[in-house]
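Student: Okay, predicted coordinates and the sequence, questions at the end:
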Amino acid sequence: MNHDHIRETAQMAQNAILGLVERAGMVIDDPPYKVFYAKTPRFCFWDHPLAVEGLPQTHIFVREVRAKSKGDVFCQMQGEVWSPNGEARPLIERLGLNHTSMSIGDVIQDESGVYWECIDSGWRELD
């Protein structure tokens, strides 16, 4: 087996994939964000704000996405984007959730480990 040929073929495949990604307008260097959906969506503000230590009781991890910003995460997590034909429905049901699109009260964790709650006017950092 010629290892140089294998390395060359692997490099060609990697370059082809990177070319497809670039043409599609995707950037693979975007930072990762973890997405947590509220077990019971809160479409209005409660008297008690969310706190990081309470997340295991109120939220469930849905998936990790790579995005340019928190706003980009929100856009990517809209049902018509990540599940246009219901692809996410089995996951949502398995997790015991009832919403596919990110909405008020859902939470993300950025690459620095900071948690952010989606609110009606953007994002609020959790304590």
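Tutor: Nice, thanks for sending it over.
Student: Downstream of the lowest-mean-pLDDT helix or strand in the chain, the next helix or strand is which one?
Tutor: Using mean pLDDT, DSSP states H and E, helix 3-23 stands out as the lowest-scoring helix or strand of the chain, at a mean of 58. Downstream of helix 3-23, the first helix or strand assigned by DSSP states H and E is strand 32-38.
Student: pLDDT weak spots in the protein?
Tutor: Along the chain, segments meeting pLDDT under 70 span 1-23, 25-28, 42-48.
Student: So which residues of it form strands?
Tutor: According to DSSP state E, the chain carries its strands in the segments 32-38, 59-66, 107-109, 115-119, 122-125.
Student: export the ones you listed to TSV and tack on distance to residue 82?
Tutor: The C-beta positions use only the backbone N, C-alpha and C, and glycine is treated the same way. Formatted as TSV, the strands of the chain follow (distance: least, C-beta to C-beta, whole Å):
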stretch	distance to residue 82
strand 32-38	10
strand 59-66	8
strand 107-109	14
strand 115-119	15
strand 122-125	19
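Student: so can I have JSON lines of the ones you listed showing mean neighbour count and distance to residue 50?
Tutor: JSON lines is the format used below for the strands of the chain (neighbours: other C-beta atoms under 10 Å; distance: least, C-beta to C-beta, whole Å):
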{"stretch": "strand 32-38", "mean neighbour count": "20", "distance to residue 50": "9"}
{"stretch": "strand 59-66", "mean neighbour count": "16", "distance to residue 50": "8"}
{"stretch": "strand 107-109", "mean neighbour count": "22", "distance to residue 50": "7"}
{"stretch": "strand 115-119", "mean neighbour count": "19", "distance to residue 50": "5"}
{"stretch": "strand 122-125", "mean neighbour count": "14", "distance to residue 50": "8"}
